[in-house]
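In: Pasted the sequence and its predicted model underneath.
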Amino acid sequence: MARKSDEIKDFYDRSYKKLFSYKGFVKQLLQGFVRLKWVERVDFDKITLEPVSFIDRLFKKKEADIIWKLPLKQGSEVYLYLLLEFQSAVDKTMALRFASYILNFYAERIAKEKNKRLPVVFPLLLYNGKLRWNAAKSLQEMIELVDPSLREYLIRFKYFAIDIGSFSKRSLIKLRNNLVSAIFLLENARNENELDSVLKEIVEIVKSEMDKELLARFGDWFEMLFKRTTKTEVNFEEIISEGSEYTMIVETLIEMRKKWENKGIQKGFLDGKQIGRQEGLQEGRQKGRQEAIVDTAIELLKEGSSVEFVAKVTKLSIREIEKLKQNIG
């Protein structure tokens, strides 16, 4: 039986893979977050998704995450190897993993096109873990250099990492017409105030997007995220329409974040970036559950949440919440 964390990772893998299997999101990802000179030379109208599948013997990876063929405007091409890493822990062997995948990709090409030179592959890691990415980004960093004269014989390999959690809200908002930045804004929001402001920014970004197909794909992802995490059906067009009830949407987003992290309503708050810790509405005795609910209500009130919101989350009555609020002064 699959663990809940595995189910969440699988959902992230599938949903992001679906997003970045569309050229519009690949274009916005590269132009907004890579910004190397070669990106300016890519003819994004002609890029194609590569149906590449192979077995990696070392890491037992059965198929590539996503590989795009990117023709350049002056001829030739670059292959984008996009690896999605949606685990809580930082993999210190990532440089070796990436190198292994690409060597297998090259081996497959040599088998098919024996007389052609190998193309450039740009390895791009997309990571959304809570810890900041601090693994070596090149094989050279992983190898102990016992003598400087051996340096030229080391395998020269480096990958590009995009750590979603490392971006500030301000830097993401500056991108404006970029739906990938809207996705990252939602990923990084952790408390009620951030969710409220982020949703408003997302609405503005969405309204400025001219690519209708790209917008439709984003809307599908947004609705799927809600349905998967809150079991709630939402209409994306209504959410972004004028006069939307932001309060209710933000409350739903908060519920989504709690269920997403598989922590339920939990006892206490670690900090403003966590909505709970690992005690709360767990299976157990009724008395223990009730105490956890009360503790959670108190912490929510201390954080400045409204009486109505606390009642909605904890299922306690308005009267009970008001009494708790009076007790904490």
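Out: All right, it came through fine. This one's a predicted model, so the numbers in the text were calculated from it and none came from an experiment. Numbering: from 1, shown residues only.

In: ok, residue 197 to residue 148 distance?
Out: Applying CB to CB, to the nearest Å, the value for residue 197 to residue 148 is 52 Å. (C-beta placed from N, C-alpha, C; glycine too.)

In: Would you mind telling me which of the two has more residues around it?
Out: residue 197 (16 against 7; other CB atoms under 10 Å).

In: What's the local residue count around residue 141?
Out: By other CB under 10 Å, 10 other residues sit near residue 141.

In: Would you mind measuring from it to residue 180?
Out: Separation of residue 141 from residue 180 (CB to CB): 28 Å.

In: same deal with residue 293?
Out: Counting by CB to CB, the separation of residue 293 from residue 180 is 38 Å.

In: Look at those two and report which has more neighbours.
Out: Per other CB under 10 Å, whichever of residue 293 and residue 180 has more neighbours is residue 180, with 26 against 19.

In: Can you work out which other helices and strands pack against the helix or strand harbouring the more buried one?
Out: Per DSSP states H and E: residue 180 is located in helix 179-188. Using 3 or more CB pairs under 8 Å, 6 or more residues apart in numbering; DSSP states H and E, the elements in contact with helix 179-188 are helix 23-33, helix 169-174, helix 192-208, helix 212-230.

In: Mind checking those helices for the one nearest to residue 116?
Out: helix 23-33 (24.3 Å; CB to CB).

In: What is the distance between that closest one and the centre of its chain?
Out: Computed by CA atoms, centre = their mean, to the nearest Å, the chain-centroid distance of helix 23-33 equals 15 Å.

In: so what's residue 314 scoring on pLDDT?
Out: Residue 314 is assigned 74 on the pLDDT scale.

In: wait, residue 104
Out: According to the prediction, residue 104 has pLDDT 88.

In: Can you tell me how far the closest residue to residue 175 other than its chain neighbours is from residue 187?
Out: Among residues not flanking residue 175 along the chain, residue 181 sits closest, at 4.2 Å (CB to CB, 6 or more residues apart in numbering). To residue 187, residue 181 is 10 Å away according to CB to CB.

In: between these two, which one's more packed in?
Out: A count of neighbours by other CB under 10 Å puts residue 181 above the other of residue 181 and residue 187, at 23 against 15.

In: I'd like to know how far that one sits from residue 33.
Out: The value you get for residue 181 to residue 33, if CB to CB is used, is 8 Å.

In: ditto for residue 44
Out: Between residue 44 and residue 33 the computed distance is 15 Å (CB to CB).

In: for the record, mean pLDDT for stretch 38-49?
Out: pLDDT averaged over stretch 38-49 gives 96.

In: bridging residues for residue 126?
Out: Note on residue 126: beta-bridge partners by DSSP bridges are residue 84, residue 162.

In: Please tell me I have it right and it contacts residue 16.
Out: Yes. In this structure, residue 126 is within contact of residue 16 by CB atoms under 8 Å, at 7.1 Å.

In: Tell me who's in contact with residue 27.
Out: Counting by CB atoms under 8 Å, 6 or more residues apart in numbering, residue 27 touches 44, 47.

In: what do you get for residue 204?
Out: residue 176.

In: What of residue 180?
Out: Residue 180 is in contact with 25, 28, 29, 32, 33, counting by CB under 8 Å, 6+ apart.

In: Out of those, which comes closest to residue 113?
Out: Checking these against residue 113 with CB to CB, the nearest one is residue 29 at 28.0 Å.

In: before we move on, the earlier item: what's the separation between the residue nearest to residue 175 and residue 133?
Out: Counting by CB to CB - residue 181 and residue 133 are separated by 18 Å.

In: Show me the residue at the heart of the protein, geometrically.
Out: Centroid-nearest residue in the chain: residue 128, 4.5 Å away (criterion: CA atoms, centre = their mean).

In: Relative to residue 16, how far out is that one?
Out: Per CB to CB, residue 128 is found 8 Å from residue 16.

In: Need the overlap of contacts for these two.
Out: Here residue 128 and residue 16 have residue 86 as joint contacts, going by CB under 8 Å, 6+ apart.

In: wait, residue 169 sits on residue 195?
Out: No. With contact defined as CB under 8 Å, residue 169 does not reach residue 195; the gap is 11.4 Å.

In: quick one: which of these two has more around it?
Out: Between residue 169 and residue 195, counted using other CB under 10 Å, residue 195 has the larger neighbour count: 23 against 15.

In: quick one: low-confidence parts of the stretch 51-200 of the chain?
Out: Per-residue confidence for the stretch 51-200 of the chain (pLDDT under 70) gives these ranges: 52-64, 190-193, 196.

In: so how far is stretch 178-190 off the chain centroid?
Out: With CA atoms, centre = their mean, you get 8 Å for stretch 178-190.

In: Now it - C-alpha only, CSV.
Out: C-alpha atoms of stretch 178-190 as CSV (Å, rounded to 0.1, in the frame of the first residue of the first chain):
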residue,chain,number,x,y,z
ASN,A,178,4.5,34.5,-16.5
LEU,A,179,2.1,31.8,-15.3
VAL,A,180,5.1,29.7,-14.0
SER,A,181,5.7,32.5,-11.5
ALA,A,182,2.0,32.3,-10.5
ILE,A,183,2.5,28.5,-9.8
PHE,A,184,5.6,29.2,-7.7
LEU,A,185,3.8,32.0,-5.8
LEU,A,186,1.1,29.5,-4.8
GLU,A,187,3.7,26.9,-3.9
ASN,A,188,5.5,29.3,-1.6
ALA,A,189,2.5,30.8,0.2
ARG,A,190,2.2,29.4,3.7
